[in-house]
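K.L.:
let's see this in three dimensions:
(one chain, ligands or ions: 1)
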Amino acid sequence: MRYEAPKSIKEAAGLLAKAKGSAFVLAGGTDLLVRMKAGMIEPDLLVDVKRIASMQSVTKTATGFRIGAAVPSAALGENAALRKAWPGVVEGANLIGSDQIQGRCTIVGNLCNASPAADSVPAMVAAGAKAVVVGPKKKRTIAVEDVVTGPGRTSLKKGEVIEAITLPKPAPKSGDAYLRFTPRTEMDIAVVSAGVSLTLGAKGVVKKARVVLGAVAPTVVIVSAAAKAIVGTKLDDAALAKLAAACEAACKPIDDKRGTIEFRTEVAGVLARRAALIAYQRAKGE
Ligand SMILES: Cc1cc2nc3c(=O)[nH]c(=O)nc-3n(C[C@H](O)[C@H](O)[C@H](O)COP(=O)(O)OP(=O)(O)OC[C@H]3O[C@@H](n4cnc5c(N)ncnc54)[C@H](O)[C@@H]3O)c2cc1C
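P.N.:
Next comes the predicted model:
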């Protein structure tokens, strides 16, 4: 097995594009090394991206935030401006594993591992986050929801590396939130999760919303009918009941020892409702 730690993204993309056999990007390694140790994969080439300068920082830009793909999740929670603008996105990143895991892991690794239960993804999608993808010849920017195509599968082509995640500047009176259900309080994988982002108009009426569920289908589910149910309302009980019903209808979960289909479906509605209320309070500045 060859290990490379390039200093530039172009070099990383070049190495991956020319690789013969199986090649993987290595970020925090908290998924990849576990899979290697379990004998699930045997890479011929590992391209460590933690030394690439353009991937190492969180920056506030004129249009929002740029989070370098090698930035550990712990650093997101330590960034006051990011926490203030996108508390739900930070919540998702800071629920991954433990402090030790968060000191290494990245939200891009969480996304590209492509688990339906990935904690950072629903809130990123609700926030309208984008992935900056660099290939050996060109750079493209795609919506985060277009990265994962199924469990363990992404739309990235040979040689492509995600350089950064961008988040828009939140509109005034906006808020977001992320919640997950796990049988244990720590170190567990989401049985169901929900991310909600919304913006208020005059008199506390919801003007815009995005409701996203995790762990209830092969990829995250954007529930447009749930968003529609709360737009034009102040999140009264009737609107919340409609939102919950829309979320339940959008679920296509698996049935396993961690949760039955019925349980996951019901909890999806409950979590989306609670996340919407938290996002609403945040949007009002409470
Ligand atoms: C003890 C433990 C607890 C955990 N708890 C949770 C949890 O609560 N919630 C949760 O969601 N996950 C959890 N995980 C899984 C894991 O920690 C996360 O998915 C983490 O975010 C992966 O990030 P990483 O940087 O370590 O990725 P890596 O392991 O380095 O990479 C993961 C995948 O993404 C690809 N990749 C990484 N970076 C890039 C890039 N820039 N461009 C293209 N492809 C890339 C890699 O090639 C690989 O296929 C846990 C893992 C452990 C070991």
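
K.L.:
any idea which element the closest residue to the ligand within the stretch 1-150 of the chain lies in?
P.N.:
When scored by Cβ to the nearest ligand atom, the stretch 1-150 of the chain has residue 109 as its residue closest to the ligand, at 2.1 Å. Every C-beta, even on glycine, is put in place using the N, C-alpha and C of the backbone. Residue 109 is located in helix 107-112, with elements delineated by DSSP states H and E.

K.L.:
so after that helix, what's the next helix or strand?
P.N.:
Following helix 107-112 toward the C-terminus (DSSP H and E): helix 121-127.

K.L.:
quick one: that next one to chain centroid distance?
P.N.:
Computed by Cα atoms, centre = their mean, to the nearest Å, the separation of helix 121-127 from the middle of its chain amounts to 5 Å.

K.L.:
ok, the helix or strand that it is followed by near the ligand or not?
P.N.:
Per DSSP H and E, the first helix or strand lying C-terminal to helix 121-127 is strand 130-134. No. Strand 130-134 lies apart from the ligand when judged by Cβ under 6 Å from any ligand atom; the minimum separation is 7.9 Å.

K.L.:
cool, stretch 155-168 as well?
P.N.:
Yes. Counting by Cβ under 6 Å from any ligand atom, the ligand is contacted by stretch 155-168 at 156, 161, 162.

K.L.:
could you check how far the last one is from residue 231?
P.N.:
Distance, residue 162 to residue 231, by Cβ to Cβ, to the nearest Å: 31 Å.

K.L.:
equivalent analysis for the first one, please.
P.N.:
Between residue 156 and residue 231 the distance is 33 Å, computed by Cβ to Cβ.

K.L.:
looking at those two, which is more packed in?
P.N.:
More neighbours surround residue 156 than the other of residue 156 and residue 231, with 20 against 15 (other Cβ atoms under 10 Å).

K.L.:
give the contact list for the more buried one.
P.N.:
Contact analysis of residue 156 by Cβ atoms under 8 Å, 6 or more residues apart in numbering lists 112, 133, 147, 162.

K.L.:
by neighbour count, which of those residues wins?
P.N.:
Neighbour max across the contacts of residue 156 (other Cβ under 10 Å) = residue 162, 27 neighbours.

K.L.:
how about low-confidence regions in the stretch 101-250 of the chain?
P.N.:
Within the stretch 101-250 of the chain, not a single segment meets pLDDT under 70.
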